[in-house]
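[1] Mind looking at a prediction? Sequence and model below.
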2 protein chains.
Amino acid sequence: MARAATTADAFNAVAEPRRRQILDLLAAGERPVNDLVALLGLAQPQVSKHLRVLRQVGLVDVRDEGRQRMYRLNGYPLKPICDWVKKYEQLWSERLDRLDEVLADLKDAEMKDTEDGADGDDE
Amino acid sequence: MARAATTADAFNAVAEPRRRQILDLLAAGERPVNDLVALLGLAQPQVSKHLRVLRQVGLVDVRDEGRQRMYRLNGYPLKPICDWVKKYEQLWSERLDRLDEVLADLKDAEMKDTEDGADGDDE
DNA sequence: TTGATACATTCCTATATGGGAATACGATGT
DNA sequence: ACATCGTATTCCCATATAGGAATGTATCAA
């Protein structure tokens, strides 16, 4: 099997940074496609394609306005993401009952502050 | 270009349901791989591969314990997701200052309740 | 040493992507 | 009818999956 479709759910749709940008722009209000094209600096077809994905997962609604198509944000499909990720929120907030982890984090932050560059990543 | 790698960031890593399940299981505490294999009902190699992705985005840490490898949750990389999605939280909570939208939603729900069957989806 | 256990990695394949380019299409203006 | 604007769709392609199967590699036991 291949990776799940981007249209499978909001998780997959929103994994693409450009689509998050689009939602962020639409958060300020309804906008026609060309507005987004200008703001994103992308080619029009790509924007239309991203919008299609967002439509298919219900994250945006469209309304015809003359020859323009006004897109509007619909945040509801984001709720499952919010619900899921919220369970973990305490892990990085001021929960100090596991002091060793906090200290490790601090040390980590310090090292990044000092030697910078090194990525510390796996593999 | 193709889709961003699953290891590109937490957004992409977590778009896969199995990986979310793994994190959910690890939320209860450290676990060796075989535990996860049993709990997920997946083949061991696939679990190892999912764990690799999670390691690469920093969502889990490993610790050697004899011949087992204990995996532990690290929620920190989820913070960007939480931060991003939280901006939209008000959209589905009790914010009634845009009554028209609420009414539209209600009407939509009613129609789905009544005529059911029809998918209402785009395309 | 031999064998088993616990994992990780590699090879394979079908499938879907995101961008670029070209084109199709409906609405509007003349 | 025709040109144009605003969008959507189609075609092409390099790339990266997720799972299945097989194999590699430590570690521990006898």
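    Perfect, I can see it now.

[2] what about the residue most central in space within chain A, distance to DNA strand D?
    Centroid-nearest residue in chain A, with CA atoms, centre = their mean: A:Arg20, separated by 4.0 Å. The gap separating A:Arg20 from DNA strand D is 18 Å, by CB to the nearest atom of the strand, to the nearest Å. For glycine as for every other residue, the C-beta is placed from the backbone atoms N, C-alpha and C.

[3] With A:Leu25 instead?
    Taken as CB to the nearest atom of the strand, the span from A:Leu25 to DNA strand D is 13 Å.

[4] so does the one helix or strand that residue maps to get close to chain B?
    Using DSSP states H and E, the element containing A:Leu25 is helix A:17-26. Yes. Interface with chain B: helix A:17-26 contributes A:17, A:20, A:23-24 (CB under 8 Å from any CB of the partner chain).

[5] Which residues of chain A lie near chain B?
    Applying CB under 8 Å from any CB, one finds that chain A approaches chain B through A:3-4, A:6, A:11-12, A:14-17, A:20, A:23-24, A:27, A:52, A:55-56, A:73-76, A:78-79, A:81-82, A:84-89, A:91-92, A:105, A:121-123.

[6] Write the ChimeraX selection for whichever of those residues are buried.
    The buried residues among these can be selected in ChimeraX (16 or more other CB atoms under 10 Å in any protein chain shown) with this line:
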select /A:6,11,12,14,15,16,23,55,56,73,74,75,78,79,81,82,84,85,88,91
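
[7] The residues of chain A next to chain B in helices, which ones?
    Under the assignment DSSP state H, these contribute A:11-12, A:17, A:20, A:23-24, A:52, A:55-56, A:79, A:81-82, A:84-86, A:105 to helices.

[8] which one among the residues you listed gets closest to DNA strand D?
    Set against DNA strand D, the nearest of those by CB to the nearest atom of the strand is A:Arg52 (4.8 Å).

[9] For chain A, what lies in contact range of DNA strand C?
    A:1-3, A:5-7, A:16, A:18, A:42-43, A:45-46, A:49-50, A:53, A:66-67, A:123 (CB under 7 Å from any atom of the strand).

[10] ok, of those, which come out buried?
    Buried, going by 16+ other CB under 10 Å: A:6-7, A:16, A:42, A:50, A:53, out of the residues of chain A next to DNA strand C.

[11] Now that we have the residues you listed, can you turn them into a markdown table and tack on distance to B:Val60?
    Putting those into a markdown table (distance: CB to CB, whole Å) gives the following:
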| residue | distance to B:Val60 |
| --- | --- |
| A:Thr6 | 25 |
| A:Thr7 | 28 |
| A:Glu16 | 24 |
| A:Leu42 | 34 |
| A:His50 | 31 |
| A:Val53 | 29 |
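
[12] if I pick the spatially closest residue to A:Pro77 that is not a sequence neighbour, what's in contact with it?
    Spatial nearest neighbour of A:Pro77, excluding adjacent residues (CB to CB, 6 or more residues apart in numbering or on different chains): A:Ala10 at 4.3 Å. For A:Ala10, the contact set (CB atoms under 8 Å, 6 or more residues apart in numbering or on different chains) comprises A:57, A:59, A:77-78, A:80-81.
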